[in-house]
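[1] 3D model of this:
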Amino acid sequence: EARSQPSASFSVVVAIDFGTTSSGYPFSFTSDPEAIHMMRKWEGGDPGVANQKIPTSLLLTPDGTFHSFGYTARDYYHDLDPEEAQDWLYFEKFKMKIHSTSDLTMQTQLEAVNGKKLQALEVFAHALRFFKQHALQ
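    The predicted model follows:
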């Protein structure tokens, strides 16, 4: 059975650069595809400094819901009381896990800095959802 392609009209194209240490995204409007813009407005960066990328750091609340990504995640986690931080899930440089695992599956888990584990699929989904929502805003 052939699928019919929905006729979608896109006004912008976004390419996520998901890096080991830092991540970001450029975007281009379809009305002027030759003009490629780099996202430089990140919450939590150094005041007055335009950064093309933010740290690939993800912070989840103790119940596993999304809290923040990038500078905001890094700074919030490091400002937590050490005892309280043990309940949070903070992941940094987690992309390397997919390169260092020879038997990567849907059940592969990533370890937060406090030793707690969560499915890699969920960690990456939180990160990609952050970029999607950020770009849409």
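
[2] in the lowest-mean-pLDDT helix or strand in the chain, what counts as buried?
    For the chain, the helix or strand with the lowest mean confidence is helix 96-100, at a mean of 79 (criterion: mean pLDDT, DSSP states H and E). Within helix 96-100, the residues that count as buried by 16 or more other C-beta atoms under 10 Å are residue 97. C-beta coordinates here come from the backbone N, C-alpha and C atoms, glycine included.

[3] following element in sequence after that helix, please.
    Taking DSSP states H and E as the definition, the helix or strand that follows helix 96-100 towards the C-terminus is strand 109-111.

[4] now that next one: mean pLDDT?
    Computed over strand 109-111, the mean pLDDT rounds to 92.

[5] given that strand, what are its sheet partners and their directions?
    strand 117-119 (antiparallel) (DSSP bridges).

[6] just the CA trace of stretch 17-36, in CSV.
    What follows is stretch 17-36 as a C-alpha-only set of coordinates in CSV (Å, rounded to 0.1, in the frame of the first residue of the first chain):
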residue,chain,number,x,y,z
ASP,A,17,24.5,19.4,16.2
PHE,A,18,24.4,17.0,19.1
GLY,A,19,28.0,16.9,20.3
THR,A,20,29.8,15.0,23.1
THR,A,21,30.9,18.2,24.9
SER,A,22,28.6,20.8,23.5
SER,A,23,25.6,21.0,21.3
GLY,A,24,23.7,23.6,19.3
TYR,A,25,21.8,24.2,16.1
PRO,A,26,21.8,26.4,13.0
PHE,A,27,18.6,27.2,11.1
SER,A,28,17.6,28.6,7.7
PHE,A,29,14.4,30.0,6.5
THR,A,30,13.1,28.3,3.3
SER,A,31,12.4,31.8,1.9
ASP,A,32,16.2,32.4,1.9
PRO,A,33,17.9,29.0,2.2
GLU,A,34,21.4,30.4,1.5
ALA,A,35,21.3,32.4,4.7
ILE,A,36,22.2,30.1,7.6
